[in-house]
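Participant: Coordinates for the following, if possible.
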Amino acid sequence: MSYKIHYFPVPGRAEVSRLCLSIGHIPYEDVHYTGATFPEAKPKFPFGQVPVLEFPDGKMLAQSGAIERYTAKLAGLYPEDPLQAAFADQAVFLLNDFNDLFTSTYNLPLEEKVKARQEILAGKGSEKLKMLEKLVASVGGKYLAGDKLSYADLALFVSFSTMTSGQYDGIPKDLLKDYPTLKAFRNKIASEPGVKAYYDRNSEGFRAAFKPDA
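Facilitator: Model (predicted):
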């Protein structure tokens, strides 16, 4: 028996956990839902939402942040040193601040959505990107927490690969052209052996943007 990740067939909020399990060589099954099949499955999940990590014994863990930290610890991708763990979380929480800016745009009509996202990127979004670039620059081309890959590096990689994949209307594919440090960091993590191997196997659709030099 193995773990199961319940989610939709897109990267989204399950991708960091998928990467952690894959890099850690921990067997798991991807269980996918569509808009048509999810309503029937919804009642069995702890909070009626996905992603959910199902354990081999049938227990379920909800909330993407909790799943990411758990799978990262299983895979040795969560720093054991408390200070380095805090630095990893710091980077992820700042990234969440950036991503949360777009939450109110998801259900807007297309034209309003595009306009709202462009305004965010010109204002508070730009401020957060500059903060993220400064944070990445501070580690001098290395990792965000300590001297090896952590879930924080994967989180930034997944977020910026997603943002530049064409999945989000109003967010340009060349989003990182004005943020060369973030662009170089995304490419660095894309080139990590375990990450690259995952996308060599999974390169369909939006995941084409998750490869090195994409």
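
Participant: hey, let's count contacts and neighbours off CA atoms from now on
Facilitator: Will do.

Participant: For Ala214, see how far away the residue nearest to Ala209 when sequence neighbours are not counted is.
Facilitator: Nearest residue to Ala209 in three dimensions, chain neighbours excluded: Ser165, at 5.1 Å (Cα to Cα, 6 or more residues apart in numbering). For Ser165, the distance to Ala214 equals 9 Å [Cα to Cα, to the nearest Å].

Participant: Isn't Pro79 up against Ala152?
Facilitator: No - contact criterion Cα atoms under 8 Å: Pro79 and Ala152 do not qualify, at 9.9 Å.

Participant: what touches both of those two?
Facilitator: 88, 145 (Cα atoms under 8 Å, 6 or more residues apart in numbering).

Participant: between those two, who's got more neighbours?
Facilitator: Using other Cα atoms under 10 Å, the more surrounded residue of Pro79 and Ala152 is Ala152, with 28 against 23.

Participant: List the residues that contact that one.
Facilitator: 88-89, 91-92, 144-145.

Participant: Shouldn't it be within a strand?
Facilitator: No - Ala152 is assigned helix when assessed by DSSP: H, G, I helix; E, B strand; the rest coil, not a strand.

Participant: Contacts for stretch 29-36, please.
Facilitator: Stretch 29-36 is contacted from outside by 2-9, using Cα under 8 Å, 6+ apart.

Participant: which ones among those residues are found in strands?
Facilitator: Those of the contacts of stretch 29-36 mapping onto strands are 3-7, per DSSP state E.

Participant: can you pick the most crowded of these?
Facilitator: Greatest neighbour count in the ones in strands among the contacts of stretch 29-36, by other Cα under 10 Å, goes to Ile5: 24 neighbours.
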